[in-house]
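>>> From the sequence below, what's the structure:
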Amino acid sequence: MQGRSPDQESVGSGTKRSSVSSGGRPQNQKEFFYKFVESDSLTAKLVDWFESVTENSELKQQAFDVPFELIELQKFDYALEGISFQQLTRMPNAVHASTSDAVEATAYLAIEDFLHASIKGLWEAFWSQDEPMPFSVACLYNANMKFYQAEKAIANGRLGGLCGTGILLNNPRHPHGKWDHVLELALLRPDIGGHAVGSDRQPSPSVLGEALFCALRMLLARSLSRLSFFPDPSTVFVLLVDSQYGGVVKVEGDVNKLNFDVNNVYECAAEWVKDHSRISVSPIDRIWNKLGNANWGDIGALQVLFATFHCIMQYAGMPKHSVEDLAADHSSRLQTRRVERQLGDTGVNGNGLLRYQQCSVSPEIVEVQDDSVKVDSKESMITEGTILWLEDSDWQKGYQIKEVINTSELTYFIASHVEEPGKNLFLYVGSHPSQLEPAWEDMNLWYQVQRQTKVLTIMKQKGLSSKYLPRLSASGRIIHPGHCRRPSSGGNCDHPWCGTPILVTSPVGETVAEMVRTGQFGSDEAIRCCHDCLSALSTVASAGIRHGDIRPENVICVKSGVRHPYFVLIGWGHAILEDRDRPAMNLHFSSTYALQEGKLCSASDAESLVYMLYYSCGGVFPDLDSVEGALQWRETSWSRRLIQQKLGDISTVLKAFADYVDSLCGTPYPIDYDIWLRRLRRSIHEDDHGKEIDVTG
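Numbering: from 1, shown residues only. All right, here's what the predicted structure looks like:
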């Protein structure tokens with residue numbers, strides 16, 4: 001390790017000034033540091049700035065960047081699979097917690113336990129199991145900015161003055177800690193959970209202000225220290241936690257750019273925060289469950305652990321075992337767990353169905369091996385009754401196939417989770433990753449599974465939620481029967497399922513194409529379908545997403561378990577996320593602009609919706625075998641108002657909507673969704689005209 005011993009001179013922890021020999025810049029820096037002791041004073045200087053940052057952001061939770069990307073946390077999660085963290089059980093239960101000192105004292109003890117277990121587990125897993133851990137944990141006392149063990153602070157009556165808990169470098173000569181020895185600080189604040197994922201709020205200015213105060217004090221101490229433990233002294237992490245939730249604040253910046261005016265300490269500090277710092281704030285997520293147990297696998301805990309990992313790396317350098325190396329063993333560890341749970345070698349029975357027997361030493365289901373059958377294709381293996389096991393980022397999930405649906409293009413399935421057999425889901429099995437030059441069918445599978453998984457994930461991350469949009473239930477890779485012989489260098493084994501992706505969505509319904517075929521699509525359904533699809537398009541349009549492939553096979557009617565049937569726009573594999581994306585080409589349903597230019601204009605999805613309604617209401621398409629013929633049909637039909645006339649036989653509002661879309665075709669003007677949703681809603685006939693919640697927004 002670089003730098004001097006912790007026993008050598010470093011910056012003090014209290015407010016007492018040390019003597020210096022000159023009145024130059026070092027003198028001002030030290031005096032500035034010793035005067036910088038009140039977080040409230042800094043927060044007061046930053047309140048207006050916090051408000052302006054929030055107002056200038058599109059979404060409040062995006063006022064600041066996030067310190068870690070989701071893919072980083074997933075890789076870190078894989079790396080932590082083989083690491084055992086101490087089970088912690090004494091964090092107070094927030095549901096039944098009181099405001100008594102006893103509960104608060106228990107919380108500080110629990111935070112100490114959590115941080116100690118975190119650094120111990122990370123140090124031994126990534127750096128050394130033999131060398132003693134060079135860190136300790138202590139609580140920060142606000143009155144003198146010194147650190148005390150929580151039990152001693154509580155016993156000495158200092159509980160009310162505790163304001164945080166820190167991870168520090170061990171230094172027996174300074175039992176009350178040194179600020180330049182602080183790796184990380186955690187602030188225990190009871191209102192953090194109110195800003196959890198799903199809320200449109202970010203941590204309050206008072207909480208963020210205190211986090212920035214602690215971060216800047218840590219940076220100042222490092223810049224003044226004679227120690228050189230931190231090769232990169234310009235980055236610090238502060239944790240925000242309560243009895244259930246937690247998050248990470250990352251602050252980066254060069255404190256040498258700070259104006260060290262000792263007569264205007266907090267104004268100068270606030271200006272540095274505004275002009276010379278980069279602040280990242282993670283989403284607030286769960287760390288402890290409602291019983292007070294630490295959930296090490298939750299994303300909230302992963303964020304905190306990853307921040308702690310970076311803090312240790314700042315001090316100890318790169319680990320002996322990298323995250324990438326440990327994450328690469330994910331598949332082998334998964335296979336080991338399956339063997340331990342008696343999920344041994346598996347096979348497929350001669351009738352194409354998987355037979356199961358209960359194992360006497362395990363409550364889990366085991367497949368009976370049958371070596372007499374050789375599997376040639378995925379389709380021959382997946383039939384009604386088949387159970388597919390899915391490996392995702394959380395755990396293994398089993399889905400039993402209830403129905404196989406074959407269309408002219410693709411095959412997909414209706415399935416249910418083995419633990420919730422009454423709830424139906426759509427399950428799509430994708431193209432095998434080894435297909436370097438896939439057939440057209442495999443390309444369709446790729447769009448249906450891999451691409452649609454990406455789109456639905458992005459929609460979920462952006463908070464785009466509507467009953468008229470499909471919901472991503474699960475995604476991952478098939479855990480195939482038998483022993484996986486995947487090479488250690490990566491790739492897949494020769495089993496036809498190895499590495500094959502799965503997408504599971506809800507809700508389940510009958511496609512408009514099937515409703516038209518069976519004569520179930522009437523005028524009421526047409527109006528409802530137009531309203532619901534427009535509502536879905538309106539929701540995603542707010543984030544710049546367009547569907548690009550609207551047709552009868554990509555709209556379903558949901559009837560099961562609801563009072564009034566409704567329509568959901570599915571098939572988002574060809575969705576347009578950015579300018580370089582290209583829509584699917586369909587001679588019958590693609591918009592004029594899509595056929596001419598190979599991309600969408602603002603009204604393209606609405607135009608495709610009109611063509612779908614025209615067809616579903618009995619309109620006839622000619623035989624189209626070229627783009628030129630399709631464009632000619634569109635020009636003739638619109639000019640002669642054939643589409644409007646057909647829809648006018650169904651509903652005046654559908655005819656008016658078709659006229660409106662005709663006026664927008666090929667123009668840059670956006671669709672006015674709100675006015676048409678209101679008009680369509682007034683035309684929807686419900687059995688009960690009582691009050692209903694408007695879910696269209």
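
>>> Am I right that Leu600 sits in a helix?
No - assessed with DSSP: H, G, I helix; E, B strand; the rest coil, Leu600 is coil; it does not lie in a helix.

>>> if I look at it, how far off is Cys665?
12 Å (CB to CB, to the nearest Å). C-beta coordinates here come from the backbone N, C-alpha and C atoms, glycine included.

>>> Comparing the two, which shows the higher neighbour count?
The neighbour count for Leu600 versus Cys665, taken as other CB atoms under 10 Å, is higher for Leu600 (21 against 17).

>>> So that one is in contact with Ser591, correct?
Yes - in this structure, Leu600 is within contact of Ser591 by CB atoms under 8 Å, at 6.8 Å.

>>> Can you dump the C-alpha atoms of the helix of greatest length in the chain in CSV for me?
Ranked by residue count, the top helix of the chain under DSSP state H comes out as helix 101-122. Output of helix 101-122 as CSV, limited to C-alpha atoms (Å, rounded to 0.1, in the frame of the first residue of the first chain):
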residue,chain,number,x,y,z
ASP,A,101,-34.0,6.6,22.3
ALA,A,102,-33.8,2.9,22.7
VAL,A,103,-34.9,2.4,19.1
GLU,A,104,-32.6,5.0,17.8
ALA,A,105,-29.7,3.5,19.7
THR,A,106,-30.4,0.1,18.2
ALA,A,107,-30.4,1.7,14.8
TYR,A,108,-26.9,3.2,15.2
LEU,A,109,-25.6,-0.2,16.5
ALA,A,110,-27.2,-1.9,13.5
ILE,A,111,-25.6,0.6,11.1
GLU,A,112,-22.2,-0.2,12.7
ASP,A,113,-22.8,-3.9,12.3
PHE,A,114,-23.9,-3.5,8.7
LEU,A,115,-20.8,-1.4,7.7
HIS,A,116,-18.5,-3.7,9.6
ALA,A,117,-19.9,-6.8,7.9
SER,A,118,-19.7,-5.1,4.5
ILE,A,119,-16.0,-4.2,4.7
LYS,A,120,-15.1,-7.5,6.3
GLY,A,121,-16.8,-9.5,3.6
LEU,A,122,-15.4,-7.3,0.7
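
>>> which outside residues touch it?
83-86, 88, 90-92, 97, 133, 135, 137-139, 149-151, 153-154, 159-160, 162, 165, 167, 184, 186, 188, 241, 243, 287, 292, 294, 304-305, 308-309, 312 (CB atoms under 8 Å, 6 or more residues apart in numbering).

>>> What subset of these is buried?
By neighbour count, with 16 or more other CB atoms under 10 Å, the contacts of helix 101-122 hold 85, 88, 91-92, 97, 133, 135, 137-139, 149-150, 153-154, 159, 162, 165, 167, 184, 186, 188, 241, 243, 287, 292, 294, 304-305, 308-309, 312 as buried.

>>> Please parse this protein into its domains.
Domain segmentation of the chain under the TED database yields 25-323, 382-482+491-508, 512-686.

>>> Centre of the chain to the shortest one, how far?
Chain-centre distance of domain 382-482+491-508: 19 Å, with CA atoms, centre = their mean, to the nearest Å.

>>> Stretch 73-82 too?
On CA atoms, centre = their mean, the centre of stretch 73-82 falls 16 Å from the chain's centre.

>>> Only the buried residues of it, if you could.
73, 75-80.

>>> ok, residues contacting stretch 512-522?
Contacts of stretch 512-522 (CB under 8 Å, 6+ apart): 510, 525, 529, 551-553, 555-557, 567, 612, 615-617.

>>> and the residues you listed, which of them are in helices?
Going by DSSP H, the helices hold 525, 529, 612, 615-616 from these.

>>> out of those, what pair is the most spread apart?
Glu525 and Tyr615 (13.4 Å; CB to CB).

>>> Dump stretch 162-170 to CSV, keeping only the CA atoms.
Output in CSV follows, covering the C-alpha atoms of stretch 162-170 (Å, rounded to 0.1, in the frame of the first residue of the first chain):
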residue,chain,number,x,y,z
LEU,A,162,-24.7,11.4,16.8
CYS,A,163,-25.1,12.4,13.1
GLY,A,164,-23.5,9.6,11.1
THR,A,165,-21.4,6.4,11.0
GLY,A,166,-18.0,6.1,9.3
ILE,A,167,-15.6,3.5,8.0
LEU,A,168,-12.1,4.6,9.1
LEU,A,169,-8.5,3.4,8.7
ASN,A,170,-7.3,1.7,11.9
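
>>> I appreciate the help and will end here.
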